[in-house]
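Novice: Sequence plus the predicted model coming up.
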Amino acid sequence: MRKNIVAGNWKMNKNLQEGVEFAKELDKALTGKSPKCDVVIGTPFIHLATVTSVVDAKRVGVSAQNCADKVSGAYTGEVSAAMVASTGAGYVILGHSERRTYYGETSAKLKEKVKLALENNLKPIFCIGETKDEREGNTHFEVVKSQIVEALFDLSADDFSKIILAYEPVWAIGTGLTATSAQAQEMHAHIRKILADKYGKEVADNTTILYGGSCNKNNAKELFACPDIDGGLIGGASLKVEDFMPIIEAF
Ligand code: PGA
(Lines give C-alpha, C1' and ligand atoms only; values in the text may rest on other atoms or scores of the structure.)
Protein backbone atom coordinates (compact mmCIF):
# COMPACT_ATOMS: atom_id res chain seq x y z
CA MET A 1 0.00 0.00 0.00
CA ARG A 2 1.17 3.50 -0.77
CA LYS A 3 2.26 5.79 2.02
CA ASN A 4 0.68 9.05 3.06
CA ILE A 5 3.26 11.81 3.36
CA VAL A 6 3.18 15.40 4.50
CA ALA A 7 6.37 17.13 3.34
CA GLY A 8 7.40 20.70 4.07
CA ASN A 9 9.30 22.74 1.53
CA TRP A 10 10.97 25.66 3.29
CA LYS A 11 12.32 27.04 0.00
CA MET A 12 14.91 29.78 0.71
CA ASN A 13 13.73 30.52 4.23
CA LYS A 14 15.25 30.18 7.72
CA ASN A 15 18.88 30.60 8.72
CA LEU A 16 20.64 27.63 10.29
CA GLN A 17 19.64 28.46 13.87
CA GLU A 18 15.99 29.01 12.93
CA GLY A 19 15.91 25.78 10.95
CA VAL A 20 17.40 23.72 13.77
CA GLU A 21 15.00 25.31 16.24
CA PHE A 22 12.04 24.37 14.01
CA ALA A 23 13.29 20.79 13.57
CA LYS A 24 13.65 20.29 17.33
CA GLU A 25 10.22 21.79 17.95
CA LEU A 26 8.56 19.59 15.30
CA ASP A 27 10.31 16.47 16.57
CA LYS A 28 9.06 17.26 20.08
CA ALA A 29 5.52 17.96 18.86
CA LEU A 30 5.46 14.55 17.14
CA THR A 31 6.89 12.64 20.10
CA GLY A 32 4.37 10.19 21.48
CA LYS A 33 2.00 10.83 18.57
CA SER A 34 1.28 8.33 15.81
CA PRO A 35 0.50 10.43 12.75
CA LYS A 36 -1.20 8.60 9.90
CA CYS A 37 1.46 9.85 7.50
CA ASP A 38 5.21 10.10 7.16
CA VAL A 39 6.52 13.57 7.93
CA VAL A 40 9.35 15.13 5.91
CA ILE A 41 10.96 18.57 5.99
CA GLY A 42 12.65 19.98 2.90
CA THR A 43 15.41 22.30 4.03
CA PRO A 44 18.13 24.31 2.29
CA PHE A 45 21.37 22.33 1.82
CA ILE A 46 23.18 24.02 4.67
CA HIS A 47 20.66 22.75 7.23
CA LEU A 48 20.64 19.11 6.23
CA ALA A 49 23.47 17.66 8.34
CA THR A 50 22.50 19.46 11.52
CA VAL A 51 18.77 18.89 11.11
CA THR A 52 19.21 15.13 10.61
CA SER A 53 21.22 15.03 13.83
CA VAL A 54 18.52 16.72 15.94
CA VAL A 55 15.46 14.75 14.80
CA ASP A 56 14.56 11.10 15.21
CA ALA A 57 14.62 9.69 11.68
CA LYS A 58 11.60 7.55 12.55
CA ARG A 59 9.58 10.69 13.22
CA VAL A 60 10.93 13.24 10.79
CA GLY A 61 12.43 12.56 7.36
CA VAL A 62 14.74 15.17 5.88
CA SER A 63 14.84 16.29 2.26
CA ALA A 64 17.01 18.51 0.11
CA GLN A 65 15.26 20.79 -2.37
CA ASN A 66 17.56 20.07 -5.31
CA CYS A 67 20.73 18.22 -6.27
CA ALA A 68 23.23 18.48 -9.13
CA ASP A 69 22.81 16.73 -12.46
CA LYS A 70 26.48 15.70 -12.35
CA VAL A 71 28.30 13.16 -10.19
CA SER A 72 31.19 15.35 -8.95
CA GLY A 73 33.95 17.62 -10.14
CA ALA A 74 34.38 21.16 -11.40
CA TYR A 75 30.82 22.46 -10.99
CA THR A 76 31.26 25.44 -8.68
CA GLY A 77 28.35 25.99 -6.34
CA GLU A 78 26.64 22.68 -7.01
CA VAL A 79 25.75 20.01 -4.44
CA SER A 80 25.70 16.39 -5.56
CA ALA A 81 23.19 13.70 -4.69
CA ALA A 82 25.99 11.79 -2.92
CA MET A 83 26.73 14.84 -0.76
CA VAL A 84 23.03 15.16 0.14
CA ALA A 85 22.90 11.47 1.07
CA SER A 86 26.04 11.80 3.20
CA THR A 87 24.20 14.25 5.49
CA GLY A 88 21.69 11.56 6.42
CA ALA A 89 18.89 13.14 4.36
CA GLY A 90 16.63 10.55 2.75
CA TYR A 91 14.75 12.60 0.16
CA VAL A 92 15.28 15.22 -2.50
CA ILE A 93 12.65 17.49 -4.06
CA LEU A 94 13.28 17.62 -7.81
CA GLY A 95 11.66 19.56 -10.62
CA HIS A 96 9.91 22.14 -8.47
CA SER A 97 8.30 24.73 -10.73
CA GLU A 98 10.48 27.45 -9.19
CA ARG A 99 13.58 25.51 -10.30
CA ARG A 100 12.10 24.92 -13.73
CA THR A 101 11.16 28.60 -14.14
CA TYR A 102 14.01 30.50 -12.48
CA TYR A 103 16.91 28.07 -13.00
CA GLY A 104 16.10 26.62 -16.39
CA GLU A 105 15.62 23.02 -15.28
CA THR A 106 14.57 20.98 -18.26
CA SER A 107 13.25 17.43 -18.36
CA ALA A 108 16.63 16.31 -19.74
CA LYS A 109 18.42 17.75 -16.70
CA LEU A 110 15.82 16.40 -14.32
CA LYS A 111 16.20 12.95 -15.75
CA GLU A 112 19.90 13.02 -14.77
CA LYS A 113 19.09 14.35 -11.30
CA VAL A 114 16.52 11.61 -10.71
CA LYS A 115 19.01 8.96 -11.83
CA LEU A 116 21.71 10.26 -9.48
CA ALA A 117 19.27 10.62 -6.60
CA LEU A 118 18.21 6.99 -6.98
CA GLU A 119 21.80 5.78 -7.31
CA ASN A 120 22.45 7.43 -3.95
CA ASN A 121 19.36 5.94 -2.31
CA LEU A 122 17.54 9.26 -2.06
CA LYS A 123 13.81 9.21 -2.63
CA PRO A 124 12.92 11.85 -5.22
CA ILE A 125 9.84 13.96 -4.55
CA PHE A 126 9.28 14.81 -8.20
CA CYS A 127 7.14 17.89 -8.92
CA ILE A 128 4.88 18.38 -11.89
CA GLY A 129 2.17 20.89 -12.66
CA GLU A 130 0.72 23.25 -15.20
CA THR A 131 0.73 27.05 -15.37
CA LYS A 132 -2.40 29.18 -15.31
CA ASP A 133 -2.21 29.67 -19.09
CA GLU A 134 -1.90 25.95 -19.67
CA ARG A 135 -4.95 25.24 -17.53
CA GLU A 136 -6.94 27.99 -19.22
CA GLY A 137 -5.84 26.64 -22.60
CA ASN A 138 -7.04 23.21 -21.47
CA THR A 139 -3.62 21.61 -22.01
CA HIS A 140 -3.02 20.81 -18.32
CA PHE A 141 -3.50 17.04 -18.66
CA GLU A 142 -1.10 16.90 -21.59
CA VAL A 143 1.51 19.12 -19.92
CA VAL A 144 1.59 17.04 -16.77
CA LYS A 145 1.81 13.84 -18.79
CA SER A 146 4.82 15.12 -20.77
CA GLN A 147 6.60 16.20 -17.58
CA ILE A 148 6.24 12.67 -16.22
CA VAL A 149 7.03 10.86 -19.47
CA GLU A 150 10.09 12.96 -20.36
CA ALA A 151 11.86 12.78 -17.01
CA LEU A 152 10.72 9.48 -15.52
CA PHE A 153 9.54 6.95 -18.05
CA ASP A 154 12.98 5.60 -18.88
CA LEU A 155 13.09 4.22 -15.33
CA SER A 156 12.53 0.54 -14.70
CA ALA A 157 9.35 -0.32 -12.74
CA ASP A 158 11.58 -1.11 -9.78
CA ASP A 159 13.22 2.32 -9.85
CA PHE A 160 9.94 4.08 -10.57
CA SER A 161 8.47 2.57 -7.42
CA LYS A 162 10.94 4.68 -5.39
CA ILE A 163 9.52 7.94 -6.77
CA ILE A 164 7.08 10.17 -4.91
CA LEU A 165 5.14 12.52 -7.17
CA ALA A 166 3.90 15.96 -6.19
CA TYR A 167 1.24 17.61 -8.33
CA GLU A 168 1.65 21.33 -7.87
CA PRO A 169 -0.39 23.54 -10.19
CA VAL A 170 1.87 26.58 -10.65
CA TRP A 171 -1.09 28.95 -10.35
CA ALA A 172 -1.75 27.65 -6.84
CA ILE A 173 1.78 27.94 -5.45
CA GLY A 174 2.16 30.71 -2.91
CA THR A 175 -0.88 32.48 -4.33
CA GLY A 176 -3.48 31.50 -1.78
CA LEU A 177 -5.42 29.93 -4.67
CA THR A 178 -5.82 26.22 -4.00
CA ALA A 179 -6.99 23.80 -6.63
CA THR A 180 -10.42 22.65 -5.51
CA SER A 181 -10.37 19.14 -4.15
CA ALA A 182 -12.29 18.12 -7.30
CA GLN A 183 -9.65 19.66 -9.60
CA ALA A 184 -6.83 18.07 -7.62
CA GLN A 185 -8.50 14.65 -7.46
CA GLU A 186 -9.21 14.77 -11.21
CA MET A 187 -5.53 15.41 -11.97
CA HIS A 188 -4.29 12.83 -9.45
CA ALA A 189 -6.55 10.20 -11.00
CA HIS A 190 -5.25 11.20 -14.44
CA ILE A 191 -1.66 10.79 -13.21
CA ARG A 192 -2.38 7.39 -11.68
CA LYS A 193 -3.91 6.27 -14.97
CA ILE A 194 -0.76 7.36 -16.87
CA LEU A 195 1.34 5.34 -14.41
CA ALA A 196 -0.94 2.32 -14.73
CA ASP A 197 -0.70 2.41 -18.52
CA LYS A 198 3.09 2.45 -18.36
CA TYR A 199 3.98 0.35 -15.29
CA GLY A 200 0.78 -1.54 -14.47
CA LYS A 201 -1.88 -1.15 -11.83
CA GLU A 202 0.19 -2.36 -8.91
CA VAL A 203 2.96 0.22 -9.37
CA ALA A 204 0.36 2.94 -9.98
CA ASP A 205 -1.60 2.01 -6.86
CA ASN A 206 1.58 1.99 -4.79
CA THR A 207 2.79 5.43 -5.92
CA THR A 208 2.36 8.26 -3.45
CA ILE A 209 1.01 11.37 -5.18
CA LEU A 210 1.11 14.55 -3.10
CA TYR A 211 -0.80 17.75 -3.75
CA GLY A 212 0.97 21.09 -3.39
CA GLY A 213 -0.13 24.70 -3.82
CA SER A 214 -1.50 26.79 -0.95
CA CYS A 215 -2.33 23.68 1.04
CA ASN A 216 -2.90 24.64 4.67
CA LYS A 217 -4.60 23.59 7.88
CA ASN A 218 -7.98 24.80 6.59
CA ASN A 219 -8.09 22.85 3.34
CA ALA A 220 -5.82 19.85 4.03
CA LYS A 221 -8.56 17.63 5.41
CA GLU A 222 -10.75 17.96 2.35
CA LEU A 223 -7.83 17.50 -0.06
CA PHE A 224 -6.41 14.47 1.79
CA ALA A 225 -9.85 12.84 1.86
CA CYS A 226 -9.73 12.46 -1.94
CA PRO A 227 -9.00 8.87 -2.96
CA ASP A 228 -5.94 9.67 -5.11
CA ILE A 229 -4.39 12.38 -2.92
CA ASP A 230 -1.84 10.88 -0.57
CA GLY A 231 -0.68 13.96 1.27
CA GLY A 232 0.84 17.32 0.58
CA LEU A 233 3.96 19.24 -0.33
CA ILE A 234 3.62 22.33 1.80
CA GLY A 235 5.44 25.62 1.27
CA GLY A 236 4.26 28.65 3.24
CA ALA A 237 2.36 26.63 5.82
CA SER A 238 5.42 24.48 6.63
CA LEU A 239 7.40 27.35 8.15
CA LYS A 240 5.80 27.32 11.59
CA VAL A 241 5.20 24.19 13.63
CA GLU A 242 1.79 25.51 14.71
CA ASP A 243 0.72 25.72 11.04
CA PHE A 244 2.42 22.49 9.92
CA MET A 245 1.21 20.15 12.70
CA PRO A 246 -2.52 20.54 11.92
CA ILE A 247 -1.78 19.54 8.30
CA ILE A 248 -0.05 16.38 9.54
CA GLU A 249 -3.03 15.78 11.81
CA ALA A 250 -5.47 16.29 8.93
CA PHE A 251 -5.06 12.58 8.14
P1 PGA B 1 2.84 26.87 -1.09
O2 PGA B 1 4.06 26.17 -1.86
O3 PGA B 1 2.30 25.84 -0.13
O4 PGA B 1 3.46 28.05 -0.39
O5 PGA B 1 1.84 27.25 -2.12
C6 PGA B 1 4.03 24.81 -2.20
C7 PGA B 1 5.30 24.45 -2.93
O8 PGA B 1 5.77 25.25 -3.74
O9 PGA B 1 5.85 23.35 -2.73
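Specialist: It's in. In this text, all values refer to a predicted model and were calculated from it rather than measured experimentally.
Novice: before we move on, what SS does Ala179 have?
Specialist: coil (DSSP: H, G, I helix; E, B strand; the rest coil).
Novice: can you start the count at 34 instead of 1 from here on
Specialist: Sounds good: first residue 34 from here, last item Ala212.
Novice: got the contact list for it?
Specialist: Pro202, Ala205, Met220, Tyr244, Gly246 (CB atoms under 8 Å, 6 or more residues apart in numbering). Any C-beta I mention is one placed from the backbone N, CA and C, and that applies to glycine too.
Novice: Closest one of those residues to the ligand?
Specialist: Checking those against the ligand by CB to the nearest ligand atom gives Gly246 as the nearest, at 4.9 Å.
Novice: Identify the residue spatially nearest to the closest one, adjacent ones excluded.
Specialist: Ala205 (2.8 Å; CB to CB, 6 or more residues apart in numbering).
Novice: For the one you found, which residues are in contact?
Specialist: Here Ala205 is in contact with Thr211, Ala212, Gly245, Gly246, Ser247 (CB under 8 Å, 6+ apart).
Novice: What's the local residue count around Gly121?
Specialist: By the criterion of other CB atoms under 10 Å, Gly121 has 15 neighbours.
Novice: Give me the distance between it and Val72.
Specialist: 16 Å (CB to CB, to the nearest Å).
Novice: and if you look at Asn251?
Specialist: Separation of Asn251 from Val72 (CB to CB): 19 Å.
Novice: Counting neighbours, go ahead and name the busier of those two.
Specialist: The neighbour count for Asn251 versus Val72, taken as other CB under 10 Å, is higher for Val72 (24 against 13).
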